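S.K.: got a structure for you, letters missing:
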């Protein structure tokens, strides 16, 4: 069966510090991968998606970037965090470019102080 | 801008009551998903509806997709404390650039009290 991991689970970082969040998927090959951000108890905003190694599409202009160095690894980064980057970050996967269903990881709670 | 409006935002009920959550949009979706999310965890997929007018049942939960595929509802019968959580609907737009984008509603936070 497929599983998705995210780490760290929680992170507290000062403004201006760098960021690296990691997501890995097991049990599937060539998944589509997604990074979302969720404001407190609300809906999800798509940040990035990737259909393959090195292929990244950005949905919204922002202070963050994403990379996919391996088939089942997706990384969310920032060179200098802003207060507004605080939130709950979720990684998700789907199989097949036209797949309707996405499956989510456990999330990373980021607090920027 | 595609929007998926979800209502109500908050719902606090007693165990045994029935409830309905709604998702509405002016956009046509190729499918619609319902998720439930616990605090501090990722959303868990409950169901996907694809065909206009489709009804799916998952134990005490009934999901319906509107005939025009622009809206959906989730009905819970005899709610239990274990149903407590954030319910999210997500509509899949027709492929653009070879990709099915999901648009999420803002969520309905349900609290079921014993």
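M.R.: Nice, I can see it. Because the structure is predicted, anything quoted here is derived from the model rather than measured. Residues are numbered from 1 along each chain as shown, chains lettered A, B, ... in the order given.

S.K.: mind checking pLDDT for residue 53?
M.R.: This is for chain A. At residue A:53, the pLDDT value in this model is 94.

S.K.: oops, I was thinking of chain B
M.R.: 96.

S.K.: Now do the same contact list for it.
M.R.: Listed by C-beta atoms under 8 Å, 6 or more residues apart in numbering or on different chains, the contact set of residue B:53 reads B:64-67. (C-beta placed from N, C-alpha, C; glycine too.)

S.K.: wait, which of the residues you listed is closest to residue B:110?
M.R.: residue B:64 (17.6 Å; C-beta to C-beta).

S.K.: ok, the closest one - contacts?
M.R.: Taking C-beta under 8 Å, 6+ apart as the test, what residue B:64 contacts is B:49, B:53-56, B:72-73, B:75.

S.K.: quick one: which of those is most hemmed in?
M.R.: Counting by other C-beta atoms under 10 Å in any protein chain shown, residue B:72 has the largest number of neighbours within these, with 28 neighbours.

S.K.: can I assume that residue is in contact with residue B:63?
M.R.: Yes: contact criterion C-beta atoms under 8 Å: residue B:72 and residue B:63 qualify, at 6.8 Å.

S.K.: Identify the contacts common to those two.
M.R.: Taking C-beta under 8 Å, 6+ apart as the contact rule, residue B:72 and residue B:63 both touch B:34, B:49.

S.K.: quick revisit: now render the contacts of residue B:53 as JSON lines, adding secondary structure, pLDDT and distance to residue B:29.
M.R.: Putting these into JSON lines (DSSP: H, G, I helix; E, B strand; the rest coil; pLDDT from 0 to 100; distance: C-beta to C-beta, whole Å) gives the following:
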{"residue": "B:64", "secondary structure": "strand", "pLDDT": "97", "distance to residue B:29": "13"}
{"residue": "B:65", "secondary structure": "strand", "pLDDT": "97", "distance to residue B:29": "8"}
{"residue": "B:66", "secondary structure": "coil", "pLDDT": "96", "distance to residue B:29": "9"}
{"residue": "B:67", "secondary structure": "coil", "pLDDT": "96", "distance to residue B:29": "13"}
